[in-house]
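> Sharing a sequence plus its predicted fold:
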Amino acid sequence: MERNIDFTSGKIVLPLLKFALPVLFALFLQVMYGAVDLMIVGKFAHSADVSAVATGSQIMMTITNLISSLAMGMTIILGEEIGEKKPEEGGKIVGSGIVLFFTIGLAATLLIGVFAPRLAAIMQAPEEAFDLTTSYIRICGIGSIVIIAYNLIGSIFRGIGDSRTPLVTVMIACVCNIAGDLMLVAGFGMGATGAAIATVFAQFISVLISLQLIRRRELPFHFERKQIGWNGTVIKKILTLGTPIALQDVLVGISFLVVLAIVNSLGLIYSAGVGVAEKVCGFIMLIPLAFMQSMSAFVAQNRGASKPERAIRGLKSAIMISFISGAVMFYFAFFHGTFLSGLFANDPQVVTQGAEYIKAYGIDCLFTCFLFCFIGFFNGMEHTRFVMVQGICGAFLVRIPVSYIMSKKVPVSLFRIGLATPCSTVVQIIMCFIFFAVIRKKMSCAKA
């Protein structure tokens, strides 16, 4: 059965959905991957462990997003080569990417392991949870090279139009992680430390099994071990496209870490409440995220095939479908936040504070359907620098200042602090519409 989808001809909506659904399920399982940690820790450990996993996983999520965003450069290049009908270049791209990301993985393993206490201090981890947070960060940091390999596999296959193989790799990791959490956290009472060990071990097993699966399937390009090497031209292009996306993601991630640090300074209950809310929000943002990744692959192939108008039609279809899902997510997040928060914590105070923060994210669901689809479109069109600019503007000109201002208002309300996120999204959408209009105008002038 053919797994690779050609986006350059035929219908738009059906192939896009066929590609997006496995991406959606993979993202769901990735969120489950982190949520299971917090859920089991919340049920079988203490609030300090919950805070440690919440803060530590947020840091690791920021680092993971940095790597996966940098790998988006490979996704875009591979998509363009497939669209241009030049799959013979694929082996060279993958071989260079392996060397690049292996080097990054070694550096990350060393740096995170050494600076784990400093990262916990920067995040203002509550005193009761400081040592646990440091332990969680250090263990996950030591496993950075595994986490990078895990994300690199997904980026390669999405680039060639295959979203099913990444789903299999995530599924394996999720099952192993649940088993590890139940054994180490629920069984042996290891709390946050057990959750971190289970996370790294699960991804290690996933990478080993995934490599075996990949060896057995036929790729749309020729790949040999001798192609694994430092090709300056290919690596430069990967970094040229991927670095702005990665920089945008890491700075946006840092902005969320700053918000979390602001909340951490308010006390343990607020810290745990936001940690719980972030896990819930990971679920309610899944569909826009799935379309963002799918749009990058869809647009990259059509750009390679010189079909920009088809790429634009795909963008409009993705926004329409995503908005419908966003309205449903808004309803559940805004009106049933207590139930959702209660899935991850037992402490009534933590549940209440988590629900307040979730309400604000519910409002954001109505806007992210536009923003994330635009980001995927601009990435696929190689306008990654604009993606970086709009992300930084939203994060540092809106999200952080609004969060800080709201944190000073008495009584403290996580709902008001959480409103910083939809506020920044609105500003970013306005920037995207303006830039999109500029692109359309350039396309019209080129035709004339």
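Great, that's in hand.

> By neighbour count, which bits of stretch 263-274 are buried? Give me those.
263-264, 266, 268-274 (16 or more other Cβ atoms under 10 Å). Any C-beta I mention is one placed from the backbone N, CA and C, and that applies to glycine too.

> should've said stretch 152-172
So for stretch 152-172, counting by 16+ other Cβ under 10 Å, buried means 152-170, 172.

> next one: it to chain centre, how far?
14 Å (Cα atoms, centre = their mean, to the nearest Å).

> ok, the buried residues of stretch 263-274 vs residue 61, which is closest?
Distance to residue 61 across the buried residues of stretch 263-274 (Cβ to Cβ) is lowest for residue 274, with 13.5 Å.

> For that closest one, give me its contacts.
54, 260, 263, 353-354, 357, 414 (Cβ atoms under 8 Å, 6 or more residues apart in numbering).

> Filter the residues you listed down to the ones in helices?
Judged by DSSP state H, the contacts of residue 274 include 54, 260, 263, 353-354, 357, 414 as members of helices.

> ok, of those, which one's closest to residue 67?
Out of those, the member with the shortest distance to residue 67 (by Cβ to Cβ) is residue 260, at 20.2 Å.

> Please report how far the closest one lies from residue 275.
Using Cβ to Cβ, to the nearest Å, residue 260 is found at 8 Å from residue 275.

> Please enumerate the shared neighbours of these two.
54-55, 58.

> And for stretch 388-395, what's in contact with it?
244-245, 247-249, 251-252, 254-255, 375, 424-425, 427-428, 431-432, 435.

> hmm, back to that, of the contacts of residue 274 - the most surrounded one?
Counting neighbours by other Cβ atoms under 10 Å, the top entry in those is residue 54, with 33 neighbours.

> Contacts only, for the closest residue to that one other than its chain neighbours.
Sequence neighbours aside, residue 275 is the residue nearest to residue 54 in space, at 2.2 Å (criterion: Cβ to Cβ, 6 or more residues apart in numbering). Applying Cβ under 8 Å, 6+ apart, we find residue 275 in contact with 38, 50-51, 53-55, 57-58, 260.

> Does residue 275 belong to a helix, a strand or coil?
helix (DSSP: H, G, I helix; E, B strand; the rest coil).

> Just the pLDDT for it.
The model reports residue 275 with a pLDDT of 81.

> now residue 13
The model's pLDDT for residue 13 equals 87.

> shouldn't it be in contact with residue 317?
Yes - with contact defined as Cβ atoms under 8 Å, residue 13 counts as touching residue 317 (5.1 Å).

> okay, now the residue lying closest to residue 402 once chain neighbours are set aside: neighbour count?
In space, and not counting its chain neighbours, residue 402 is closest to residue 420: 3.7 Å by Cβ to Cβ, 6+ apart. Neighbour count of residue 420, defined by other Cβ under 10 Å: 27.

> still on that earlier bit, more neighbours, residue 13 and residue 317?
More crowded of residue 13 and residue 317, by other Cβ under 10 Å: residue 317, with 18 against 13.
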